[in-house]
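**Student:** Structure, please.
(2 chains)
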Number of protein chains: 2
Amino acid sequence: MNIPSDLIQNAVNEFSKLPGIGKKTALRLVLHLLNQEEEDVEQFGNTIMKMRKELKYCNSCHNISDDVQCSICLSKSRDRSVICVVENIRDILAIENTNQFLGLFHVLGGVISPLDGIGPDQLNITSLLLRATQEEVKEVIMGLSPTMEGDTTIFYLSKKLTPHNIKVTTIARGVAFGGELEYTDELTLARSIATRIPYENYLSKK
Amino acid sequence: MNIPSDLIQNAVNEFSKLPGIGKKTALRLVLHLLNQEEEDVEQFGNTIMKMRKELKYCNSCHNISDDVQCSICLSKSRDRSVICVVENIRDILAIENTNQFLGLFHVLGGVISPLDGIGPDQLNITSLLLRATQEEVKEVIMGLSPTMEGDTTIFYLSKKLTPHNIKVTTIARGVAFGGELEYTDELTLARSIATRIPYENYLSKK
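**Tutor:** Predicted coordinates for the structure are as follows:
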């Protein structure tokens, strides 16, 4: 598309760098901002730059934080004997939304993936082992995606954690609530039969 | 969604003001920017603010422009006897992309819509009449949307222009190329029969 203005073209280019935003959507967003008041657009730009500049990461669990420690790590009502290991910040938000988990988190920043050049040293694993062995931690829950890379990471972490007498668990995999058996993939279905649970447990957790 | 950081929350709020972007998409974009280098995010914010601040509108046709007159109005290869009236800048971009029109444009900034409180005075109509009557203009093409408001605007403009011996035309309405007759709405189909064209014209324009 031939845009008769470098200012617009540059703004379109910046927007289309964002994930899931193509040239056409970018142009629509830019023309929308063009119709807004100048101070509103200033506020848009400044808020985003301030966010990137001032946001800190919790020095304990690597969650996003406005301070040295995040609100979850600082909270007095959290169970400090359980740590849930997740890949990224979005996973924390998703789990927090369920209101089901009251322990602490640890953000790995990814999973072990030799093909992408990501080994244990590129992840926040040293700080996890330090936390898990120094503090009063009894259980580490692996809240990682059920991919090959996720499973590799779980295997690696469990090898490191179990010698310190820490219970390693993973979140349950199986048929989703509301999901229909016949449309569930074979692997999930096979595993959900192999890892079946007693009906009493099913009832008590519901 | 409960986001444990005001900085992120503010950035999400700013992004979700944009059209077609909800809270979830906004969060995804914000977390993406968080992973970028600080100077890249600075550039993103500054480019957008600069665009809003410095962009001018052509003082002849009201198109976007980096200068007092836009590149189309300044071009020596354009046919100055034809002006195509459009609603907004996006329409100019769409028509320019077809490479079919070599005349000049005029951006109205909307269409007459009494229900929304938009009368002729809120649109760039005075400057259009001035251009059309002072310059060597022979034809004004109405490139407006085929809505009731669009038709009202065409009627109003043609009343103003025809006394000055200017030919007023509208872009053709009919069944779209590649569209199937049976799925075309009744009004369009009825009008496309009423305004049928000789086969020679059809062939020569293809």
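
**Student:** which residue ranges form the helices in chain A?
**Tutor:** Per DSSP state H, chain A carries helices over the ranges A:6-15, A:23-34, A:38-54, A:71-74, A:89-98, A:125-134, A:148-161, A:186-194, A:199-205.

**Student:** helices or strands up against the third one?
**Tutor:** For helix A:38-54, the contact count by 3 or more Cβ pairs under 8 Å, 6 or more residues apart in numbering or on different chains; DSSP states H and E identifies helix B:6-15, helix B:23-34, helix B:38-54 as packing neighbours. Glycine gets a C-beta too; all of them are placed from N, C-alpha and C.

**Student:** what comes into contact with that helix?
**Tutor:** Residues from elsewhere that reach helix A:38-54, judged by Cβ atoms under 8 Å, 6 or more residues apart in numbering or on different chains: A:33, A:66, B:7-8, B:10-11, B:14-15, B:17, B:30, B:33-34, B:36, B:38, B:41-42, B:44-46, B:48-49, B:52-53.

**Student:** ok, of those residues, which come out buried?
**Tutor:** Among the contacts of helix A:38-54, those buried by neighbour count (16 or more other Cβ atoms under 10 Å in any protein chain shown) are A:33, A:66, B:7-8, B:10-11, B:14-15, B:30, B:33-34, B:41-42, B:44-45, B:48-49, B:52.

**Student:** Sketch out the low-pLDDT regions of chain A for me.
**Tutor:** By pLDDT under 70, the weakly predicted segments of chain A are A:1-2, A:204-206.

**Student:** Break it down into its domains, please.
**Tutor:** By the assignment in automatic domain parsing, chain A contains the domains A:6-54, A:76-171.

**Student:** Which one of those domains lies nearest to A:Pro198?
**Tutor:** Closest approach to A:Pro198 among those is made by domain A:76-171 (16.8 Å; Cβ to Cβ).

**Student:** wait, does that closest one make contact with chain B?
**Tutor:** Yes: Domain A:76-171 reaches chain B (Cβ under 8 Å from any Cβ of the partner chain) through A:88-90, A:93, A:96-97.

**Student:** Where does chain A get nearest to chain B, residue-wise?
**Tutor:** A:Gly45 (3.5 Å; Cβ to the nearest Cβ).

**Student:** Run a quick neighbour tally on the closest residue to A:Thr162 other than its chain neighbours.
**Tutor:** Nearest in space to A:Thr162, with sequence neighbours left out and distances taken as Cβ to Cβ, 6 or more residues apart in numbering or on different chains, is A:Val168 at 6.1 Å. Applying other Cβ atoms under 10 Å in any protein chain shown, we find 17 residues neighbouring A:Val168.

**Student:** Quick check: A:Val168 touching A:Leu161?
**Tutor:** Yes: between A:Val168 and A:Leu161 there is a contact under Cβ atoms under 8 Å: 5.4 Å.

**Student:** Kindly point out which residues are neighbours of both of these two.
**Tutor:** Shared contacts of A:Val168 and A:Leu161 (Cβ under 8 Å, 6+ apart): A:Val140.

**Student:** follow-up on the earlier one: dump the domains of chain A to a markdown table, plus distance to B:Ser127.
**Tutor:** A markdown table is the format used below for those (distance: least, Cβ to Cβ, whole Å):
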| stretch | distance to B:Ser127 |
| --- | --- |
| domain A:6-54 | 19 |
| domain A:76-171 | 50 |
